[in-house]
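Asks: Here is my input; please provide its structure:
(chains A, B and C)
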Amino acid sequence: MIELSELLLLSAVLFVLGVVGFIIRRNILIMFMSVELMLNSAGLVLVAFSNKLGTMDPQVFAVFVIALAAAEAAVGLAIIVALFRGRESVNIDEMRLLKW
Amino acid sequence: MLQTDWNTVFPLLTVATTAGFVLLLAMVGRVGTLRRDIGPAAAVLSVLGLAVSAGMTLWQWFSFPRGFDPDTFSGLLRVDRFAIFFNLLLCAGAVLCILLSSRLTGKLKTFAGEYYALIVLAVFGMMVMVNTTDLVVLLVGLETMSLAVYVLVGIRRHDQRGSEAAAKYFLIGAFASGFLVYGIALTYGIAGSTRMEQIAVALADSGGMPGAGKVALAGLGLVLVGLFFKVSAVPFHMWVPDAYEGAPLPVTTFMAVAVKAAAFAVLARLLVIGFHPLAHHWLPVLWALAVATMTLGNLAAIFQGSIKRMLAYSSIAHAGYLLVALASLSPEPGLAVQQRVLLSLLYYLVVYTLMNVGAFGVLIYLERGGRPMETLEQVRGTGYGYPVLGAAMAVFMFSLAGIPPTGGFMGKFYVFTAAIDRGLVWLAVIGVLNSAVSAYYYLRVTVQMYMRESEKSLPRIPFSIPLALALTVCFLGIFYLGVSPAGLLEAAGRAVEQATGMVILK
Amino acid sequence: MQEAFIRWIVLFPLLGAGLIAALGRRLPRAAVGILACSTVGASFAAGLAGYFRLADLAGQVHPAAAVLTDHFYTWMALGRLNVGVSFILDPLSSAMVLMVAGVSFLIHVYSMGYMAHDKSYWRYFSYLNLFVFFMLLLITADSLPLMFIGWEGVGLCSYLLIGFWFEDPEKAYAGKKAFIVNRVGDFGFLLGIILLFWSLGTVDFAGITSLAPDKLAVGGTWVTLITLLLFLGATGKSAQIPLYVWLPDAMAGPTPVSALIHAATMVTAGVYMIVRLNVLYLMAPVSMAVVAAVGVLTAIYAASIGLVQNDIKKVLAYSTISQLGYMFLAVGVGAFSAGIFHLVTHAFFKALLFLCAGSVIHAMGGRQDIREMGGLRTKLPATYWTFLIATVTIAGLPPFSGFFSKDEILWQAFGGAKGHWLLWLTGFLAAGMTAFYMFRLLFLTFFGRCRADHETSARIHESPKVMTVPLVILAVLSALGGYWGVPEVLGGAARLHHWLAPVLGNENGTFRFEAPHYSHAVEYLFMALSVAVAAGGIYAAWVFYLRRPETAGSLAGRLRICYQVLLNKYYVDEIYNIFIVQPVKLGSTYLLWKLFDVSLVDGAVNLTGRTVRGLGRLAARLQNGYAQVYAISFLLGVALVLGSLLW
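Replies: The predicted structure follows:
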C-alpha cells in the first residue's frame, strides 16, 4: 500500500520537474510539455486524495484537468504553428520584438 | 437536490448560444458562393446576444431573490446580486469592446466572425467564473476565457508581434494554470470539497492539524498565484506589457477591462468566502503585492514612449489600487465588515472599465489607414486637429490620474478611505503618492496632444458611429460617476449585501 | 440659511468656459471677449448680492449664524463619509469671492486688449474662465474634497495658461516645473485631508470647526501633523519655501495670467485655506510657529533676490513670493484677518503692477529687461501714474492700502498673542527691501533716459483704453482699499476685522489667547518705524538709481559676491547642476554651505524627478523580452508568496 504522503511527494517532484523544465528549456514545444507535466502532477494529487477520502469526486475533477490540458494543447499548438510560420523557429529566446 | 432553474442560467446560455451562432455565421460567410464580409453582421449578432443577456440579467437584478433560485445546477452555479452585477459589467465591457472593433475586423476580413465569436466565448467564460463558488467550475470558466483570449491576442496571424505576444501570453498563462490547478487539488485534499463555503468551514476547523495547515496554506498560495497572474499583480505581471502591446488595440482593451474585472471578482469571492479563515496569513501578502504592483506599474509607465504600452503598465498600476482595496479586507468574519471594501472595489472596476475603454478608444479612433497612433510622437498636435477627441482623451487621462471631478478620483478616494478605515494609513499614503506620480505620465499624453498647433492640417478621420458611441458612453459615464456617484454606489452596495455566498459566514 | 443663487457665483464662469470652448472658434473675437467678461461680471454681481444678503442677515441674527449655504446635491456618501456639492458664503468666503470675481473681471477686460492679436484668442479666454470657475469653487466649497477639486483645477488651468505659447520649449518646461512642484504640495494636501477624515470622520468645514476642539488634543501629534501636511500643500500652491521655485518660471505665461493667477488669486489659495481651517491651526501651536517662520523667511529671502533682478516680471514674481510670505506670517501669528486684509490689498496692487508691467512690455515690443527701459514716464503716462500708485502702496506709505495691511501684520508679529520680536525684525527688514526694489524698478523703468535702441523707442506707445481703464480702477482700489481695515488705533473702524471675526476661532471665543498689552504710543512708534524703513528704502533707491546711478554700479563692484549671489538667485539652478552633473567636484565645505542653503530644496525637487524617472527606466528594463525571465519573475513571486505564507 502506498502512503498518501508518498504520492504527494511524487506529485510534488513531478510538478517541480515541470517548473524547472519550463524555466530551462528554450524550445517552446518542450516548455509547453513541461506545463502538461505540471497539470498531470495535479491530477496525481487528486487521484491520491480520491483514494484517501474514498470518493470519486476528485477523479471526475482529474478528468476535467485532462480535458483542460487537451484544450490548452489544441490552442497552444495552433499559436505555436502560427509563430513558426512567421519565423521558422521555436526558440523562445528569438522572440524579443516586444520588450521594455 | 438536483434541480435546475433555467431562469437563473438564461443569461449564460444566451451568451454561449450567441457564440455558437456567430461561429455558424462565420462558416456561412465562407461557403463558396456566399463569400462576403460578415464582420458587421457578426458584430450586430454578438451585440444583440450580449444585450439580451444583459437584459435578462437586469430582470434578475430587479426580481432578486424572487423569480429565480440563486443556487442552481446542484449549487455549482450561484447567481447572486454580486454575480449579476459582474454579469452586467462584463456584458457592457464586451459590448464596448465590440464597438471599438469595427475597424479591426474590417482588416481581418475572413476572420471577423471568429473574432466576435471568441469575444463572446470569453465573456461566457468570465460569466461562469463570477457565477460560481465552486473551484472546479471556476477553473473551467477561467480556462474558457483564457483560451479564447490567447487566440484573440494572436488574431492577426501574419503579424509577427501579434503571434509573439500570443505565444508569450499563452506560455506564461499555461504555466500559471499549472499552479492554479495544483493549488486547487491541494485545497481539495484538505477540505474534501471544492465549494468555497465548505472550504471555509474546513479551513476554520483544521487549525489543530499542523501538517494539514501547511498543505492548506500551500494550496491557498498556489491558487492565489494563479489569480494574481490574471489580475497582473507584480511580480506576475511580466506578460502584461508584451501581450497588451502585441495584441490589436480592441483586444488589448478587452483584456485590460473585462479579463481584469472577472479576475478581481473571483479573487474577491475567494478571499471573502473560501480562504477567509486564513485571512491573517494572506493579508500581509496582499499588502506587499499591492505596494509592489502600484509602484512598479507607475514607475515603468513613466519611461514609456508608446501610449499603448504605457496604458499596459498603467493597467498594472490600477491593479495595484484594486489590490489595495482587497488588502483592506478585514480578518473578522461577517460580511458587514467587508462591505465598504467590496463596494469600493466594485465602484473602481466600473470606473476603470469606462476610462480604459475611453483611452484605448481614442487611440483606435486616431488610427487612420492602418497607420497606428500609438506613440507620444505620433499623437503630437492631434488635440488641435481633432478637438473633440483631444478633449475626450484629456478627460480619460485625468480620470486615470485620479484628478477630480472625474470618476477616477472618486474610485481612488473610496479605495483609499476604505484602507484608512481599516487603519492601513500607510498603505493609503503609498497609494496617494503613487497616484501623484502617475499624474505625470498621464498628463504628458494630453500635453503632447496639445503641443504646438499643427501647421499642416491633419487629414479628416472618417466618422465612425460605433466608435463615437462607445466614446460618448465612456465620456459621459466618467463625468457622471465623478459628479454624481451615488447611484452606482447604491447599486454596488446592494450587490455586496446580497452576495449570498458571503452571508454564510455571518 | 439656504440660498439657491450662490451656486451661480461659481457656475457662471463655467458656463462661459463651456460656451467659448464650444463656439469660440466660430464667434468673432469681440463676442468671445465680451462673453468671457460678462460671465465673470455676472459672477461678481451674484457675489455682491450674496454679500448684501449676508450683511443683512448679520444684522438680524447672531453674527456667527450669518452663513448662506447652497446644497447643490449629495456628491459622495459612503459609510461615515458624506460630502455634498455645497457652497457656502460666510464673511470669509464672501470677501474672497468679491475680490476674486472683481479682479478677474478687470483682468478679463484688460486681456481683451492685451491678447487682441493672439491667434488663440478664444482658447485663452476659455481657459481663463475655467480658471475663475475653479478658483470660485475653491473659495465657496463647504468641504475639503470639494475645495481640493478647485485646488487641482486652478493648478491645471495655471499649467495650461503658463504653457500657453507652446512653440517655446522653455515655456513648456516652465509649465512642467510648476506642475511637478505642485504635485508635491498636492500630495501633502491630500494626505492631510485623509488624516483629517481618519481622525475626525468628517471633511466639511462646519464639521471640522465644531468637532476638532472636542476630538483632537490641542498641540497633539495628529493635529500638528495634519496642519503641517496641509501647510505643505499651501507652500506648493502659494510658492513658499521650499516649494517656491516654480513661480518665477511661471512668468513665462502671458502677463495678464501672471497678474490673475500668479499674483492675485491662485497663489493666495494657501493663505485662504489656512484661514478657513483656522480652528485646526489654532490647536497646533507648532504648526503656527512653522507657518510664521516659513512665511517671514520667504518674505525676506524673496525680497533679497528681488533687489537685483533685471527682468521686470521676475522682480514682481519675487515680490509676490515675498508678499505671500507676509500673509503666512500673519496667519502664523494668529492674525487671520490681517492676513486676509493683506491678501485683498495685495491682490489689488500686485495685479495692478503686473498689468502695468504688461502695458510696458506691450509698449516695448515684448522686451522685459529693465536695463533697456527708462524714461517711459512721459511716453506711457497712464501706465506710469498707476504704476507709481501701486509702488507706493506696496512700499507701505500711508495712506495707501498697503501701509495699513502690512503694518497690521508687522504689529501683530510683534505684539500679537503669538508674536515674537525676531519675526517682527525680519519682516521689518524685508519691508525696507521691498521699498527699495520696487522703487528701483520704478526709477529704472520710468525715469532717466530711455536706454532702448532707437527702433524700439520710436514705436513706444500708450496702451488702448480697454487696457488702461482697468489699470485706473485697480489704482483707485489700491490707494483706497485700506479704508476697510484702518485700525481702531488710528480712528478707523477695522471693518474687515469685525466682518471676519465670527469665523475666526481666536476672535469668536472658541479659543482665547492672551496678548501682551501695549499702549497706543508703542503702536504709533511701530507705525512710524514702518514708514521710516519704507522711506529709507525709497531714499536708497533714489540715491542709487536716480541721483547718482554710478553708485549702484560701484556698490555692486564692492559687494561683488553678495551681488552675484543675489543676481543668480542664490545659485539655485547652478547648485542643482553641480549636484547632479558634477558630484565629484563637491568639496566638503561647499557641501556644507549648500546644506544650509534653503535653495537645496530645488535641487531635491529635481533630484526626486530624476530618481523617479531612473527607477522607471530600471523597472521597464527588467521587461527585457525573454519569456523565461518572465517565468523566473513569476517563480520568484511564487517563492515569496509561499514563503511568507508558510513561514
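Asks: how close does the closest residue to residue B:373 other than its chain neighbours get to residue B:107?
Replies: Nearest residue to residue B:373, sequence neighbours excluded (C-beta to C-beta, 6 or more residues apart in numbering or on different chains): residue B:366, at 3.8 Å. For glycine as for every other residue, the C-beta is placed from the backbone atoms N, C-alpha and C. Taking C-beta to C-beta, to the nearest Å as the measure, residue B:366 falls 16 Å from residue B:107.
Asks: Name the residue in the two with the higher neighbour count.
Replies: Per other C-beta atoms under 10 Å in any protein chain shown, whichever of residue B:366 and residue B:107 has more neighbours is residue B:366, with 23 against 12.
Asks: ok, now which ones touch the more buried one?
Replies: Residues counted as contacts of residue B:366 (C-beta atoms under 8 Å, 6 or more residues apart in numbering or on different chains) are B:373, B:379, B:382, B:386, B:389, B:461.
Asks: Please report the distance of residue C:542 from residue B:249.
Replies: Counting by C-beta to C-beta, the gap from residue C:542 to residue B:249 is 68 Å.
Asks: quick one, which of these two is more surrounded?
Replies: Using other C-beta under 10 Å, the more surrounded residue of residue C:542 and residue B:249 is residue B:249, with 24 against 17.
Asks: can you count the residues close to whatever residue of the stretch 51-200 of chain B ends up closest to chain C?
Replies: The minimum distance from the stretch 51-200 of chain B to chain C, using C-beta to the nearest C-beta, falls at residue B:168 (5.0 Å). Residue B:168 has 28 neighbours, counted by other C-beta under 10 Å.
Asks: cool, and residue C:372?
Replies: If you count neighbours by other C-beta under 10 Å, residue C:372 ends up with 16.
Asks: Also residue C:221?
Replies: By other C-beta under 10 Å, 11 other residues sit near residue C:221.
Asks: Against residue C:283, how distant is it?
Replies: Distance of residue C:221 to residue C:283, given as C-beta to C-beta: 12 Å.
Asks: Same question for residue B:179.
Replies: Per C-beta to C-beta, residue B:179 is found 53 Å from residue C:283.
Asks: And for residue C:545?
Replies: From residue C:545 to residue C:283 the distance is 48 Å (C-beta to C-beta).
Asks: So the two - more neighbours on which side?
Replies: The residue with more neighbours, out of residue C:545 and residue C:283, is residue C:283; 25 against 21, by other C-beta under 10 Å.
Asks: And the contacts of stretch C:394-402?
Replies: Residues outside stretch C:394-402 that contact it (C-beta under 8 Å, 6+ apart): C:319, C:323, C:345-346, C:348-350, C:353, C:389, C:392-393, C:403-404, C:406-407, C:431, C:434-435, C:438-439, C:477-483, C:485, C:530-531, C:534-535, C:537-538.
Asks: How about stretch B:409-426?
Replies: Taking contacts as C-beta under 8 Å, 6+ apart, the residues outside stretch B:409-426 that touch it are B:287, B:321-322, B:324-325, B:327-330, B:340-341, B:343-345, B:347-348, B:351-352, B:399, B:402-404, B:427-428, B:431-432, B:435, B:481-482, B:485, C:76, C:78-79, C:81, C:145, C:194-195, C:197-198.
Asks: got it, and stretch A:5-20?
Replies: With contacts defined as C-beta under 8 Å, 6+ apart, stretch A:5-20 is touched by A:34-38, A:40-42, A:44-45, A:48, A:51, B:175, B:178, B:182, B:189, B:215, C:635.
Asks: ditto for stretch B:268-279
Replies: B:82, B:130, B:133, B:135, B:187, B:196-197, B:199-200, B:203-204, B:216-217, B:220, B:223-224, B:227, B:282, B:286, B:326, B:329-331, B:333, B:335, B:338, B:342, B:345, B:499, B:501-502, B:504-505.
Asks: send the alpha carbons of it over as PDB?
Replies: What follows is stretch B:268-279, C-alpha atoms only, in PDB (Å, rounded to 0.1, in the frame of the first residue of the first chain):
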ATOM      1  CA  ALA B 268     -12.700  38.900  -4.000                       C
ATOM      2  CA  ARG B 269     -15.100  36.000  -3.700                       C
ATOM      3  CA  LEU B 270     -12.300  33.600  -2.900                       C
ATOM      4  CA  LEU B 271     -10.800  35.800  -0.300                       C
ATOM      5  CA  VAL B 272     -14.000  36.700   1.400                       C
ATOM      6  CA  ILE B 273     -15.500  33.200   1.400                       C
ATOM      7  CA  GLY B 274     -13.200  30.300   0.700                       C
ATOM      8  CA  PHE B 275      -9.900  31.400   2.200                       C
ATOM      9  CA  HIS B 276     -11.300  33.900   4.700                       C
ATOM     10  CA  PRO B 277     -10.300  31.800   7.700                       C
ATOM     11  CA  LEU B 278      -6.700  32.200   6.600                       C
ATOM     12  CA  ALA B 279      -7.000  36.000   6.300                       C
END
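Asks: just to revisit the earlier point, so which of the contacts of stretch B:268-279 also contact chain C?
Replies: Residues of the contacts of stretch B:268-279 in contact with chain C (C-beta under 8 Å from any C-beta of the partner chain): B:217, B:220, B:224, B:282.
Asks: Residue C:275 reaches residue C:331, doesn't it?
Replies: Yes - in this structure, residue C:275 is within contact of residue C:331 by C-beta atoms under 8 Å, at 6.0 Å.
Asks: For residue C:486, what are phi and psi?
Replies: Per-residue torsions, residue C:486: phi -60, psi 120 (degrees, to the nearest 10).
Asks: State the mean pLDDT of the strand or helix carrying residue B:185.
Replies: Element membership for residue B:185, per DSSP states H and E: helix B:160-191. In this model, helix B:160-191 has an average pLDDT of 92.
Asks: Would the next helix or strand after that helix count as contacting chain A?
Replies: As assigned by DSSP H and E, the chain's next helix or strand after helix B:160-191 is helix B:196-205. No - for a cut-off given as C-beta under 8 Å from any C-beta, helix B:196-205 has no contacts with chain A; the smallest distance is 11.8 Å.
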